[in-house]
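# model the following, please.
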Amino acid sequence: MASAHVCAPTVGFDLDMTLVDSRPGIRACFLELSARTGVYVDADLAVTRLGPPLADELGNWFPAEQVPAMADLYRSLYPSIAIEATTAMAGAREAVAAVRAAGGRAIVVTAKYTPNAKLHVEHLGLDPDAVIGDLWAEQKAEALREHGASVYVGDHLGDVRGARTAGALSVAVATGPCSAQELAEAGADVVLADLTEFPAWFAGCYRPARA
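Modelled structure (predicted):
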């Protein structure tokens, strides 16, 4: 194995199905949206394809002209419905800690509405150095470049595209809607089963900072 890097890295992490399992909360939020509007939303189907922006999913259920208002309503419902129901993914805290142990910075770059993304990480005590929301796929490269991220970790093909656009190492976890094979075929540099494998992989690339 090549010698570990000495420089402290900045590592970006996706949120939904990478750091947090937001499916129960998002499902409940879609059910409440459906109840309030009288429009059927298949919440069980919706949570199988998390990753793209909210408007993309709402477009499957509401006319295009109603999507902005429905997105506003959904986001207003979200804090009281989805935050408590969301849990940290296995290995999430350890992954962030591994970056910190190397003297690096851990940031969250997500398509989720920024205020709600911040509520998730605060509630779960993930404590990233920055949370940047409202960015999807190639758009994520904007934040990754701005923060000097050399690694981006995500569960979706869009996350792979974002990392590659930013010139960052794409580390994929097969915990979301995309299989390990799909992630690899999309160009992920590293594919892990889940974040529990991240610290060992990361230790092989970056030495922990000395006290």
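
# from here on, contacts and neighbour counts on C-alpha atoms
Noted.

# could you chop the chain up by domain?
With domains defined by automatic domain parsing, the chain comprises 10-21+87-203, 23-81.

# next one: phi and psi at the spatially closest residue to residue 127 that is not a sequence neighbour?
Distances taken as C-alpha to C-alpha, 6 or more residues apart in numbering place residue 121 nearest to residue 127, at 6.3 Å, with adjacent residues excluded. Dihedral angles of residue 121 (phi, psi; degrees, to the nearest 10) stand at phi -70, psi -30.

# what's the spacing between residue 121 and residue 32?
Between residue 121 and residue 32 the computed distance is 23 Å (C-alpha to C-alpha, to the nearest Å).

# also residue 25?
From residue 25 over to residue 32 the distance is 11 Å, taken as C-alpha to C-alpha.

# higher neighbour count, these two?
A count of neighbours by other C-alpha atoms under 10 Å puts residue 25 above the other of residue 25 and residue 32, at 21 against 18.

# secondary structure element for the more buried one, which one?
Here residue 25 sits within helix 23-37, counting by DSSP states H and E.

# any regions of this protein where pLDDT drops low?
Residue ranges of the chain with pLDDT under 70: 1-7, 207-211.

# recalculate using a threshold of 80.
By pLDDT under 80, the weakly predicted segments of the chain are 1-8, 207-211.

# any chance you could map the helices in it?
23-37, 43-46, 54-58, 67-81, 92-101, 114-124, 140-146, 157-166, 180-185, 198-203 (DSSP state H).

# tell me which of those helices sits most buried.
Comparing these by mean neighbour count (mean count of other C-alpha atoms under 10 Å), helix 157-166 comes out on top with a mean of 24.

# tell me what it is packed against?
helix 140-146, strand 151-154, strand 169-173, helix 180-185 (3 or more C-alpha pairs under 8 Å, 6 or more residues apart in numbering; DSSP states H and E).

# quick one: the third one to helix 157-166, angle?
Here the directions of strand 169-173 and helix 157-166 differ by 170 degrees (axes from the mean of the first three to the mean of the last three C-alpha atoms, to 10 degrees).

# helices or strands next to strand 169-173 in the packing?
Counting contacts by 3+ C-alpha pairs under 8 Å, 6+ apart, strand 169-173 is packed against strand 151-154, helix 157-166, helix 180-185, strand 190-192.

# end to end on stretch 118-138, go ahead and measure it.
End-to-end distance of stretch 118-138 (C-alpha to C-alpha): 21 Å.

# then stretch 132-144?
Start-to-end, stretch 132-144 (C-alpha to C-alpha) is 10 Å.
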